[in-house]
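>>> Sequence first, predicted coordinates after that:
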Amino acid sequence: MKKQIVSFCILVSLLISCSAGRQNDHTELDEPPASGLSGKELATAHCSRCHAFVDPQLLPKKIWREDVLPAMGHRMGIYNRGGRPDSLFDPGVSGDIVRKANIYPEKPVLAKADWDKIVQYFIEHAPDTIPVPVRSHPIRIGLKHFKYREASFSRHPAFTTLVKILPDNRGIIYNDSKPGLNMLTFLTPGLGEHYSIPMKSTPVQFDERSNQAYLTTAGGGIFPTDAPFGAMQQMRQTGPGKVYQPGNIVIANLQRPVCMAYGDLNKDGFEDMVACEFGNETGELAWYENNGKGSYSKRMLRAKPGAVTAIIKDANNDGLPDIYALMAQGDEGVFLYENLGAGKFREKRLLSFSPLNGSQYIELADFNKDGFDDIVYVCGDNADKTPVLKRYHGIYIFLNDGKCNFKQACFYPLNGAYKAMVRDYDLDGDLDIAAISFFPDYRHYPEESFVYLENKGDLKFDGYSFPQASGGRWIVMDTADMDGDGDTDIALGSFVYFLPDGDTTGLGKKWLSEGPSVIVLENTAR
């Protein structure tokens, strides 16, 4: 998974104050003097420096009061019981990194009177409740050219953090990650177990590149961390059956990587890597220069947490590969790193999003066939302090004007959307979308957990799902021609740690006892 853990990338805090990483300028005082500004002016000043301002109307009073504002206060050195509590820091190296970064200042960065005004502003202007989104266009049940296949081998409950289709009818790789146990399993084309490998760290991405295979691991466990325990390692094939086994560590000390992208960024003939080190409170986006001798040199792009997707592609047709990156964790947006040559890049913000969006994934695709890559953007991570259904979660298409300026042209609402993969699934010459949701509205629209969007032209889509869609909690997805028949198949992986709505639907109990780890939607277009 990407976000991964995408894939399951828990967004622990939504509002990141610029006080993070900054020393208190008033060392002789317990707090700065009061500003005399209004609550709205203070909220705008402190909340907009490092991310988009959040309108109080977007969250109910209870969430502002009990969750978001206390977390925001911690970022400003405001603690209810006086001193900074040790509970804010993870044990070990993860907590040490956050302390050093001064994410939670020991002393306030604003006067208590100013902070009280900010709290009052949000509480007074927030609604009591947020309406539950109502679907204007239903998702129809039935996929006319996909066949449902369930793996005969699963572990219960499923904690899938990676699913990868191997082309040429070679089966599927997936990882099951429970606390203290990671099992990388290779399934046969018939979806039975071929073999399994215990792993010390959580696999989130598998890539075959020329004659090499690489496995990205996020770290020791499945939960968010700032510890640099992630790695990129080679996988080697051994024995008569040429089975994969863990090999040498290629890049170590990665800070919870969730996505790796590959490309020769400096045009020296060696393939470099871009690492989305999502981290948690800290993290970074970096590229790793291949020195041609089996070693890599780190080059920083953005020293902030939340890097979740990276794509290497020439954006301006100058012959140099550029880097598109999606950032979450507060300052959410899509960034372009323009390649200036000689290993240097210039950052350009393409799109900005609210920190409530829960940005999850991007792809590039030319929807209007004008020769320019458009951006498909997915948001819906609700594993944070604001777990309410949000009307702006879903799949967006931003059209490119040819000069890397992007304008929204399509929005498909999908509660808790996590990933959307653009392909011509029905082989009719236009681009369709397959999407999963990890936080759908299970009570009213359980079919939202998977939706196939058939392109009807003019950026209009009809949504379809399959009867067994709510049989797992899909967090990872891959697409490829699994059986070599010329069409694109889909694999989904389930992760059931979070139960929906306190499990009032009964789905969680079913997942725990019998939910599959992996299913395949076999394309029958050919």
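Done, it's in. Residues are numbered from 1 along each chain as shown.

>>> give me the beta-bridge partners of L492?
M477, I519 (DSSP bridges).

>>> confidence score at it?
Listed pLDDT for L492 reads 98.

>>> contacting residues for it?
Neighbour list for L492: V163, I436, F450, G472, W474, V476, M477, V518, I519, V520, L521 [criterion: C-beta atoms under 8 Å, 6 or more residues apart in numbering]. C-beta: built from backbone N, CA, C; applies to glycine.

>>> mind redoing it with 7 Å?
By C-beta atoms under 7 Å, 6 or more residues apart in numbering, the contact set of L492 is V163, I436, F450, G472, W474, M477, V518, I519.

>>> and the residues you listed, which are buried?
V163, I436, F450, G472, W474, M477, V518, I519 (16 or more other C-beta atoms under 10 Å).

>>> Could you export those residues as TSV, including distance to N400?
Listed next are those as TSV, based on distance: C-beta to C-beta, whole Å:
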residue	distance to N400
V163	30
I436	25
F450	28
G472	35
W474	29
M477	25
V518	35
I519	34
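
>>> count of residues packed around the closest residue to P257 other than its chain neighbours?
Of all residues not flanking P257 in the chain, G230 sits nearest, at 4.4 Å (C-beta to C-beta, 6 or more residues apart in numbering). By other C-beta atoms under 10 Å, the residues close to G230 number 26.

>>> Same check on A101?
A101, neighbours per other C-beta under 10 Å, totals 15.

>>> what's the helix or strand for Y361?
Using DSSP states H and E, the element containing Y361 is strand 359-365.

>>> Show me what that strand is packed against.
Judged by 3 or more C-beta pairs under 7 Å, 6 or more residues apart in numbering; DSSP states H and E, the packing partners of strand 359-365 are strand 307-313, strand 322-327, strand 374-379, strand 417-423.

>>> Throw those into JSON lines and include distance to V204 and mean neighbour count, thanks.
Converted to JSON lines, these look like this (distance: least, C-beta to C-beta, whole Å; neighbours: other C-beta atoms under 10 Å):
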{"stretch": "strand 307-313", "distance to V204": "11", "mean neighbour count": "24"}
{"stretch": "strand 322-327", "distance to V204": "16", "mean neighbour count": "25"}
{"stretch": "strand 374-379", "distance to V204": "17", "mean neighbour count": "25"}
{"stretch": "strand 417-423", "distance to V204": "13", "mean neighbour count": "25"}
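
>>> Nearest to C276, out of those strands?
strand 307-313 (3.7 Å; C-beta to C-beta).

>>> So which residues make contact with the closest one?
So strand 307-313 is contacted by 2-3, 9, 258-259, 261-263, 274, 276-278, 283-285, 321-328, 359-362, 364, 373 (C-beta under 7 Å, 6+ apart).

>>> Name every strand pairing with it and say which way it goes.
Strand 307-313 has these strand partners (DSSP bridges): strand 322-327 (antiparallel).

>>> The residue nearest to E338 when sequence neighbours are not counted - how many residues pack around it?
In this structure, E338 finds its nearest non-sequential neighbour in R346, 4.6 Å apart by C-beta to C-beta, 6+ apart. R346 has 10 neighbours, counted by other C-beta under 10 Å.

>>> show me where the protein has helices.
With helices called from DSSP state H, the chain shows them at 39-47, 61-63, 69-75, 93-100, 112-125, 507-514.

>>> Kindly provide the distance from the residue nearest to E338 to V308.
21 Å (C-beta to C-beta, to the nearest Å).

>>> Ok, Y262 next?
17 Å.

>>> again with A151
27 Å.

>>> Then F206?
18 Å.

>>> A286 too?
On the measure of C-beta to C-beta, A286 and V308 end up 14 Å apart.

>>> same thing with K509?
From K509 to V308 the distance is 31 Å (C-beta to C-beta).

>>> mind checking the end-to-end distance for stretch 368-376?
13 Å (C-alpha to C-alpha, to the nearest Å).

>>> Cheers, nothing more for now.
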